[in-house]
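Undergrad: How does the following fold in three dimensions:
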Amino acid sequence: MRSVLWTLALGAPAIHAATADPALLGCWRAAKIVLTTPEGEKAEDTSGRCTLRFQEDQFESICKTTSGTATTTYRYRIARPQVYAATMAASTFKTEMVGSTREYEYRIDGDQLRTVTVPPSMAFAAAASAQRVETEAVRAPCP
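TA: Residues are numbered from 1 along each chain as shown. As a prediction, this is how the structure comes out:
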C-alpha cells in the first residue's frame, strides 16, 4: 500500500499544456517524499526508488515496488507561476484515480526540485486524497 501512495504522491493533477517550464523538463529522482494525512499522521520515504520524467505536456511517475514497477502518466500544465496542475491519465495500479487533478507548488534550485500539494477546495477537503504531499527530488539522467 505504501508503494502505491509514493507513486501517487509523486504524480499529481494536470490539464492541457500551457507553456511548459523548461526548468522542469527531464528526469528527477525522489530523494524524500513525505505524506501527511488529514489526521496529521506522516509517512516518509527516502529510498530513491521513484523517478519523474517531465516532457512538454505530460510526465511519468515510475516507482520500483516489492511487486514490480508502478507507472503513472499525468498530463500537466503550468497553472500559474510556480504551480502546475496535473491530471492522472493512466496508471498501472490505481485506475480509479484516472481523471483526478491536483495542483502542486514547485521550486527548482539548481538540480533540486521541491514540490508540495496545493490544499484542495473545501468541497474536496474531506476526500482521502486530501493528504499533503511534499517531495524533494534531484535531477537525474533519463533512461
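
Undergrad: Which residue ranges of the protein form strands?
TA: 26-36, 42-45, 50-54, 58-65, 68-80, 83-91, 101-109, 112-117, 132-140 (DSSP state E).

Undergrad: Select, out of those, the one closest to residue 19.
TA: The closest of these to residue 19 is strand 68-80. By Cβ to Cβ, the value is 6.3 Å. Any C-beta I mention is one placed from the backbone N, CA and C, and that applies to glycine too.

Undergrad: Strand partners (parallel or antiparallel) of the closest one?
TA: strand 58-65 (antiparallel), strand 83-91 (antiparallel) (DSSP bridges).

Undergrad: Just send the strands of the chain back as JSON lines, with mean pLDDT, distance to residue 19 and mean neighbour count too.
TA: Formatted as JSON lines, the strands of the chain follow (pLDDT from 0 to 100; distance: least, Cβ to Cβ, whole Å; neighbours: other Cβ atoms under 10 Å):
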{"stretch": "strand 26-36", "mean pLDDT": "95", "distance to residue 19": "16", "mean neighbour count": "19"}
{"stretch": "strand 42-45", "mean pLDDT": "94", "distance to residue 19": "32", "mean neighbour count": "15"}
{"stretch": "strand 50-54", "mean pLDDT": "96", "distance to residue 19": "13", "mean neighbour count": "22"}
{"stretch": "strand 58-65", "mean pLDDT": "93", "distance to residue 19": "14", "mean neighbour count": "20"}
{"stretch": "strand 68-80", "mean pLDDT": "95", "distance to residue 19": "6", "mean neighbour count": "19"}
{"stretch": "strand 83-91", "mean pLDDT": "94", "distance to residue 19": "11", "mean neighbour count": "20"}
{"stretch": "strand 101-109", "mean pLDDT": "95", "distance to residue 19": "15", "mean neighbour count": "17"}
{"stretch": "strand 112-117", "mean pLDDT": "96", "distance to residue 19": "18", "mean neighbour count": "18"}
{"stretch": "strand 132-140", "mean pLDDT": "95", "distance to residue 19": "21", "mean neighbour count": "18"}
